[in-house]
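A.B. asks: Provided below for reference: sequence and predicted model.
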Amino acid sequence: MIGEGRIVVVGASLAGLRAAESLREEGFAGSLTLVGEEPHPPYDRPPLSKQVLLGRVRAQDVALPSRSAVDARWKLGARAVGVDPIEKRVMLADGEQLAYDRLLIATGTRARPWPNADEARLDGVLTLRTNDDAARLAERLDAGPRRVLVIGAGFIGSEIASACRELGLDVTVAERGPSPLVGALGGTLGTYAGKLQRAHGVDLRCGVTVTALKGRNGRLTGAEFSDGGRIDADVAVVALGAVRNTEWLDGSGLAAGPRGVACDAGCRAFDMYGIVTDDVFVAGDVARFPHPLFEYQMLSLEHWGNAVAQAEVAAHNMISPGPRRRPHLTVPAFWSSQFGLNIKSVGVPTFSDHVVIAQGSLREGRFVAVYGYRGRITAAVSVNRAKWLEHYQYLIETAAPFPPAPGAADRPGAFDPVPSDVPSPQLLSHGPTVALTGHLPDRHLTLVRHEPPPTAAHCR
C-alpha cells in the first residue's frame, strides 16, 4: 500500500468525491487536493431533471452526502488548463501549478451547447447539466411559459418533457432520430417511448431538426424546423447530449479526445501511443475503458453508478502495488423516471442485434426487454418491473445464451426476438449515455522509425 505522496484529483463531482473518500478509507495519508471548476461542493445530478424541475426540492439542496470526512485541500471554482506528465504538474487558470505523484482525471462532461452562438444567447435558451442550470430552468417553468421546446429526446430531454407535462405546460420535443430514447434503447422501446409521450400530450416531432431559434429584442420567441414547421415558444432547452471535458489535456500526450480519456480496466490512462501510464488514472463520465463482456470495446458511460464504482477502483489502484490492483468490471446500470414509469437497465442495450420482451407486455406498461448480441444476452431494460434485473445481470455476467430460456418468462407466448434497431449516433439529436467507441485511442498517428532504413507506418 502506497500511503504517502501527493495525489491531485481534477474533478470535484461524484467520481472525484468518492475517489477521495476511498483513498482516505484505504489508508492514504499523504497530500490530497481536489480541483473543481464549479464553485459548489459536490452535488447529486439525477434530481436536477426530476425533483428540482417539479419544485419538490431546491437546486441548492441536492448536495452529495459524504460517506466519511475527507481530509483534503479543496480548490473549488478553479479550472485546470493543462497537465505536464513529465514534471508531474497540473496547471490552473489562475497560474498556480499543483505537483502530484499520482493524478486522477474525473472532469466529467458538460452540456452540448446550441451550435449557433447568437441564438444560444437568446434569453430563454437553456441547457441542463449543473445545479445552476436546474435552478434557472425551474424558475422559468414555475413562471408558466406558453410553450417549452425541448431539442433532443434522449433521457434528459425526455425527463424534461415529462416534468413539463406534469406541471401542466405545453411542450414540443424535436428529435432528429425516428423516436425518443432510440439511441439508448433501440427501435422497439423507442417506438414505445414515442407513443407514451404522445399519450401524455407531448407535441413530439421526430425525423426533424430545429433549423433556427427565433428571437425579438434578445428574447426567444420560437423555432423553425427542417420540415418547414414553426412554433412559438418562450423557453427552449437544448438537450443534445454531453461533451466530455478533455480539452484541457491537449498537448499532454494522453489518449484524450472527444470520446473521453482512454484507460485500461484498472483505470490507468493510456498515452496517445497506447502505452499505459502508471501515475495518471481516470474515472467517471470522462473515462473510456475496455470491458470483456462487450468484446473489449471501449465504453464511455454517463451513469451515476459507474462513476461511483470506477472511482473506487481507481482510488484503490492508485495506492496499491500491481498484484493487488483490481479491474473495473461492473455491469453498467442506469435508471430514469418519466411519464409515470420507472425505467431501469443493466448491461449495454446498444451492444445488441436483437431484443425480446421476456416478461410482461408493452400494452400493460410493465415489462422486461432482454437484448442479445450474436446469441448471448448483453442487456435488459425493465419498465415498472425492476425485480427481474438482478436475474438478468447474472445472465449477462455469465454470457448466457440469447434468447433467454422460455422458462424465464412469466407468461406464455412471449414475443419472438426482433431486430433491436440501434441507429448510428450520427442520426440522432440526443447523445447516447452509453457509447461504444471502438478499440483504439482517438488519434491516428504517424510513427517515424529512426533506425535505418527509415520507414513510416500509420496506425489505423
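C.D. replies: Ah, there it is. Numbering: from 1, shown residues only.
A.B. asks: point to the residue nearest the middle of the protein.
C.D. replies: residue 302 (1.8 Å; C-alpha atoms, centre = their mean).
A.B. asks: that one is in contact with residue 109, isn't it?
C.D. replies: Yes: Residue 302 lies in contact with residue 109 (C-beta atoms under 8 Å); the separation is 6.4 Å. No exception for glycine: its C-beta is placed from N, CA and C like everyone else's.
A.B. asks: overlap in contacts, those two.
C.D. replies: Common neighbours of residue 302 and residue 109, counting by C-beta atoms under 8 Å, 6 or more residues apart in numbering, are 242, 285.
A.B. asks: what's the burial count for residue 145?
C.D. replies: Counted with other C-beta atoms under 10 Å, the neighbours of residue 145 add up to 19.
A.B. asks: name the surrounding residues that touch the helix or strand residue 103 falls within.
C.D. replies: Per DSSP states H and E, residue 103 falls inside strand 102-105. With contact meaning C-beta under 8 Å, 6+ apart, strand 102-105 is reached by 5-11, 16, 19, 83, 88, 90, 249, 261, 269, 279-283, 286-287, 314-315, 318-319.
A.B. asks: what subset of these is buried?
C.D. replies: Among the contacts of strand 102-105, those classed as buried by neighbour count (16 or more other C-beta atoms under 10 Å) are 5, 7-11, 16, 19, 83, 88, 90, 249, 261, 269, 280-283, 286-287, 314-315, 318-319.
A.B. asks: what about these, which are in helices?
C.D. replies: With DSSP state H as the criterion, helices contain 16, 19, 314, 315, 318 from among the buried ones among the contacts of strand 102-105.
A.B. asks: quick one on the thing from earlier: quick check: closest non-adjacent residue to the residue nearest to the centre of the chain.
C.D. replies: Distance criterion C-beta to C-beta, 6 or more residues apart in numbering; nearest residue to residue 302, sequence neighbours excluded, is residue 433 at 4.4 Å.
A.B. asks: just checking, residue 393 is part of a strand?
C.D. replies: No: Residue 393: not assigned to a strand; according to DSSP: H, G, I helix; E, B strand; the rest coil it is helix.
A.B. asks: and the pLDDT for it?
C.D. replies: On pLDDT, residue 393 comes in at 95.
A.B. asks: try the one 4 residues further on
C.D. replies: Per-residue confidence (pLDDT) for residue 397: 94.
A.B. asks: count residues in the vicinity of it, would you?
C.D. replies: 14.
A.B. asks: please apply the same query to residue 320.
C.D. replies: Taking other C-beta under 10 Å as the criterion, the count of residues near residue 320 is 15.
A.B. asks: again, but for the one 4 residues further on
C.D. replies: Around residue 324 there are 10 other residues, counting by other C-beta under 10 Å.
A.B. asks: now it: how far from residue 427?
C.D. replies: 45 Å (C-beta to C-beta, to the nearest Å).
A.B. asks: residue 358 now?
C.D. replies: For residue 358, the distance to residue 427 (C-beta to C-beta) stands at 28 Å.
A.B. asks: and residue 168, how far from residue 149?
C.D. replies: 17 Å.
A.B. asks: out of these two, which sits in the more crowded spot?
C.D. replies: Between residue 168 and residue 149, counted using other C-beta under 10 Å, the more crowded position is residue 149 (27 against 8).
A.B. asks: for that one, list each beta-bridge partner.
C.D. replies: residue 172, residue 236 (DSSP bridges).
A.B. asks: pretty sure it sits against residue 175.
C.D. replies: No: assessed by C-beta under 8 Å, residue 149 is found out of contact with residue 175, at 11.7 Å.
A.B. asks: mean confidence for stretch 183-200?
C.D. replies: Mean predicted confidence for stretch 183-200 is 96.
A.B. asks: could you do stretch 20-39 as well?
C.D. replies: pLDDT averaged over stretch 20-39 gives 96.
A.B. asks: how many neighbours does the residue nearest to residue 11 when sequence neighbours are not counted have?
C.D. replies: Spatial nearest neighbour of residue 11, excluding adjacent residues (C-beta to C-beta, 6+ apart): residue 106 at 3.2 Å. Residues near residue 106, counting by other C-beta under 10 Å, number 32.
A.B. asks: list the contacts of residue 106.
C.D. replies: The contact partners of residue 106, taken as C-beta under 8 Å, 6+ apart, are 9-11, 13, 15-16, 19, 282-284, 286, 307, 311.
A.B. asks: look up how far residue 128 lies from it.
C.D. replies: 21 Å.
A.B. asks: correct me if wrong, but residue 222 is in a helix.
C.D. replies: No: with three-state DSSP as the criterion, residue 222 is strand rather than part of a helix.
A.B. asks: tell me the bridge partners for it.
C.D. replies: Residue 222 has these beta-bridge partners by DSSP bridges: residue 214, residue 232.
A.B. asks: mind naming the longest helix for the protein?
C.D. replies: Assigned via DSSP H, the chain shows its longest helix as helix 182-199.
A.B. asks: so where's the stretch 1-150 of the chain uncertain?
C.D. replies: Where the stretch 1-150 of the chain drops to pLDDT under 70, the residues are 1.
A.B. asks: all helices of it, in order?
C.D. replies: Using DSSP state H, counting those that start in this stretch, the helices of the stretch 1-150 of the chain run over 14-25, 117-120, 131-142.
A.B. asks: helices or strands up against the last one?
C.D. replies: Right, the one you point to is helix 131-142. Contact analysis of helix 131-142 by 3 or more C-beta pairs under 8 Å, 6 or more residues apart in numbering; DSSP states H and E lists strand 125-126, helix 155-166, strand 235-238 as its packing neighbours.
A.B. asks: go again using 7 Å as the cut-off
C.D. replies: Helices and strands touching helix 131-142, by 3 or more C-beta pairs under 7 Å, 6 or more residues apart in numbering; DSSP states H and E, are strand 125-126.
A.B. asks: who touches the strand it packs on?
C.D. replies: Residues outside strand 125-126 that contact it (C-beta atoms under 7 Å, 6 or more residues apart in numbering) are 114, 119, 133, 136, 137, 213, 220, 235, 236, 237, 238.
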